[in-house]
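Colleague: sharing a model that was predicted from the sequence below.
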Amino acid sequence: MTLMERWYEEVWNKGRESAIDEMAAPDAVAHGLGEGGADVVGMVEFKKFFRTFQSALSDVHVAVENIVSEPDMAVARLSVTAKHTGDSLGIPAKGNNVSFGGVAIARLKDGKITEAWNYFEFAKMYQQMA
């Protein structure tokens, strides 16, 4: 299993926040995940993003559809399903099922993610939550 596959399984599918520190550098940058598509810099900030999503969406499952991995870079095409059960993303929860896709490109160093470019269909997710 590649680092990226482990990341989605442990962090998102199992919801293990401690896995973030195991697999990402403390100063890693996650492009495209902050408010309005801004960068999330550092794992302290990433954990805030993670908790916000976890409190809004339950039953999160990220399927790695395809992956291309090299020693210092990996690209994954992803499918996400979840249930909107919390209000933390600014939309009152109605229990709607959501599904959307995405692509993540990660720079890897010393067995950890150091930088990632994230392109998710968040507009589609928000439409399904409304």
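Modeller: Received the coordinates, thanks.

Colleague: for the rest of this, base every contact and every neighbour count on C-alpha atoms.
Modeller: Noted.

Colleague: does the residue lying farthest from the centre of the chain sit in a helix, a strand or a coil?
Modeller: Using CA atoms, centre = their mean, the residue of the chain lying farthest from its centre is Lys94. It sits 22.0 Å away. Under DSSP: H, G, I helix; E, B strand; the rest coil, Lys94 falls in the coil class.

Colleague: so what's it up against?
Modeller: By CA atoms under 8 Å, 6 or more residues apart in numbering, the contact list for Lys94 reads 84-85, 129-130.

Colleague: kindly report the same for Val60.
Modeller: So Val60 contacts 12-13, 80-83 (CA under 8 Å, 6+ apart).

Colleague: neighbours of the residue nearest to it when sequence neighbours are not counted, how many?
Modeller: In space, Val60 comes closest to Ala82 once its chain neighbours are excluded; the distance is 4.3 Å by CA to CA, 6 or more residues apart in numbering. Neighbour count for Ala82, taken as other CA atoms under 10 Å: 20.

Colleague: give me the pLDDT value at Ala82.
Modeller: pLDDT, Ala82: 98.

Colleague: beta partners of it?
Modeller: For Ala82, the beta-bridge partners under DSSP bridges are Val98.

Colleague: output the helix or strand that contains Val80 as CSV, restricted to C-alpha atoms.
Modeller: Val80 belongs to strand 73-84 when assigned by DSSP states H and E. Extracted in CSV, the C-alpha atoms of strand 73-84 (Å, rounded to 0.1, in the frame of the first residue of the first chain):
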residue,chain,number,x,y,z
MET,A,73,5.6,12.3,-5.9
ALA,A,74,2.1,10.7,-6.1
VAL,A,75,-1.1,11.4,-7.8
ALA,A,76,-4.4,9.9,-6.8
ARG,A,77,-7.9,10.1,-8.4
LEU,A,78,-10.5,9.9,-5.6
SER,A,79,-14.2,9.3,-5.0
VAL,A,80,-15.7,10.6,-1.8
THR,A,81,-19.0,9.6,-0.2
ALA,A,82,-20.4,10.8,3.1
LYS,A,83,-23.5,11.9,5.0
HIS,A,84,-24.1,15.5,5.9
